[in-house]
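J.: Can you look at this prediction? I've put the sequence above it.
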Amino acid sequence: MSDGATQSFVEKWLAVQPQQRVALGFVDAPVRDERVALAALEQELVASAYGIREPQVAAAKLQWWAEELSGAAASGGRHPLTQVLFASERARAIPTNLWLAPVLAAMAQLEQGTASDFDAQVAAARGLHGALAALENAWWFGQAAPMESAARIATLSHLVFALSRLELDAERERLPLPMARLARHGLSRSQLKADSPARREVLREQLRALATGLREALAQGEPLSTFRGLEGRTALATATAAARAKEPFVELHRRQWRTGPATALRAWLAARHAGRFG
């Protein structure tokens with residue numbers, strides 16, 4: 001992407017998921033810009049949902065996105081990413097409700113507190129991340145494409161990333177660990193800010209559950225974009241290694257940002273899988 005305004009949003013996405021820079025080389029050049037723009041749009045919505053601490057400010061930002069996406073098919077959009085996307089017939093062919101679903105889900109979860117248990121946590125996070133996965137699969141593979149695996153991977157990958165922000169988010173209403181796990185290990189909010197044997201064990205327990213879910217979702221063999229496939233494989237490798245580590249929180253951080261030969265292999269596998277579905 002040569003446009004400076006658009007590229008700045010792409011760089012924000014790549015700053016959060018640096019492994020995806022490797023994946024760019026595996027996406028066909030004729031469709032690369034629009035597929036990257038969709039990934040960058042997803043990151044903007046995720047940042048609006050989680051990155052703004054004041055719920056009223058986040059709601060206002062999401063409301064702007066709702067208005068933008070609801071009218072973009074007719075107007076072509078105002079935001080640089082929307083303009084790139086809706087220059088394509090593919091965007092206008094996707095129903096407006098699919099474009100709006102992630103924004104509405106993000107608005108609905110602004111006031112959510114910490115989930116009671118792991119299943120409730122996954123269900124709560126799936127509203128936004130499942131909607132993003134459905135939009136992405138419709139864009140890459142058509143509206144009839146299955147999206148259960150993509151939704152599961154998007155949700156669980158987010159929850160792996162959320163754990164890396166544990167110390168930053170310990171005072172927020174929605175913790176990245178369910179209450180049942182905290183109670184089982186006798187941990188309070190304040191105790192999440194510092195390393196301890198109990199915190200290490202609760203992290204390992206959560207990471208093992210996330211790794212199991214990711215492994216099962218990747219094994220389903222359903223359509224996954226190259227970006228989603230790489231995200232899922234990276235999250236699985238991160239969760240598995242961190243769960244086994246002496247210091248899981250340190251390993252979680254170390255692997256979140258690491259790239260290398262293993263990343264290239266995962267990107268190639270993700271691209272090959274995506275290519276099976278068109």
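T.: Here it is on my side, so go on.

J.: pLDDT weak spots in the protein?
T.: 1-3 (pLDDT under 70).

J.: Contacts only, for the residue in it sticking out farthest from the centre.
T.: Seen from the C-alpha centroid of the chain, the residue lying at the greatest distance (Cα atoms, centre = their mean) is Gly186, 29.6 Å away. Applying Cβ atoms under 8 Å, 6 or more residues apart in numbering to Gly186 gives the contacts Ala198. To be clear about C-beta, it is placed using only N, CA and C from the backbone, and glycine gets the same treatment.

J.: On the three-state scheme, it is what?
T.: Under DSSP: H, G, I helix; E, B strand; the rest coil, Gly186 falls in the coil class.

J.: And for Gly232?
T.: helix.

J.: try Leu175
T.: Following three-state DSSP, the label given to Leu175 is coil.

J.: quick one: contacts for it?
T.: Residues counted as contacts of Leu175 (Cβ under 8 Å, 6+ apart) are Thr114, Leu166, Asp169, Leu182, Arg189, Leu192.

J.: quick one on the thing from earlier: torsion angles phi and psi at the residue farthest from the centre of the chain?
T.: Torsion angles at Gly186 (phi, psi; degrees, to the nearest 10) stand at phi 60, psi 40.

J.: that older thread, list buried members of the contacts of Leu175 by neighbour count.
T.: Thr114, Leu166, Asp169, Leu182, Leu192 (16 or more other Cβ atoms under 10 Å).

J.: Quick check: the farthest pair among those residues?
T.: Asp169 and Leu182 (13.3 Å; Cβ to Cβ).

J.: where along the stretch 51-200 of the chain do the helices fall?
T.: 55-75, 80-85, 89-93, 96-108, 118-141, 148-163, 179-184, 197-218 (DSSP state H, counting those that start in this stretch).

J.: how about CSV for these, with distance to Pro248 added?
T.: Formatted as CSV, the helices of the stretch 51-200 of the chain follow (distance: least, Cβ to Cβ, whole Å):
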stretch, distance to Pro248
helix 55-75, 30
helix 80-85, 35
helix 89-93, 41
helix 96-108, 29
helix 118-141, 17
helix 148-163, 9
helix 179-184, 13
helix 197-218, 4
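
J.: can you tell which of those helices is closest to Trp257?
T.: Nearest of these to Trp257, taken as Cβ to Cβ: helix 148-163 at 11.0 Å.

J.: elements contacting that closest one?
T.: helix 118-141, helix 197-218, helix 226-244, helix 248-256 (3 or more Cβ pairs under 8 Å, 6 or more residues apart in numbering; DSSP states H and E).

J.: okay, the angle between it and helix 118-141?
T.: Here helix 148-163 points in a direction 120 degrees away from that of helix 118-141 (axes from the mean of the first three to the mean of the last three Cα atoms, to 10 degrees).

J.: got the buried residues for helix 148-163?
T.: Buried residues in helix 148-163 (16+ other Cβ under 10 Å): 149-163.

J.: Pretty sure His253 sits against Ser164.
T.: Yes: using Cβ atoms under 8 Å, His253 makes contact with Ser164 at a distance of 5.6 Å.

J.: Kindly provide the distance from the residue farthest from the centre of the chain to Pro197.
T.: The spacing between Gly186 and Pro197, counted by Cβ to Cβ, to the nearest Å, is 11 Å.

J.: Then Ala106?
T.: Distance of Ala106 to Pro197, computed by Cβ to Cβ: 36 Å.

J.: just Gly213 next, same as before
T.: Counting by Cβ to Cβ, the gap from Gly213 to Pro197 is 25 Å.

J.: Mind checking which of the two has more residues around it?
T.: Counted by other Cβ atoms under 10 Å, Gly213 and Pro197 do not tie: Gly213 has more neighbours, with 22 against 8.

J.: Could you find the closest non-adjacent residue to that one?
T.: Computed as Cβ to Cβ, 6 or more residues apart in numbering, the closest residue to Gly213 that is not its neighbour in sequence is Leu156, at 4.8 Å.

J.: Same question for Leu38.
T.: Leaving aside its sequence neighbours, Leu38 sits nearest to Trp139 (Cβ to Cβ, 6+ apart; 5.5 Å).

J.: Is that neighbour in contact with Ile94, as I believe?
T.: Yes: contact status for Trp139 versus Ile94: in contact at 6.7 Å, counting by Cβ under 8 Å.

J.: Sounds good, over and out.
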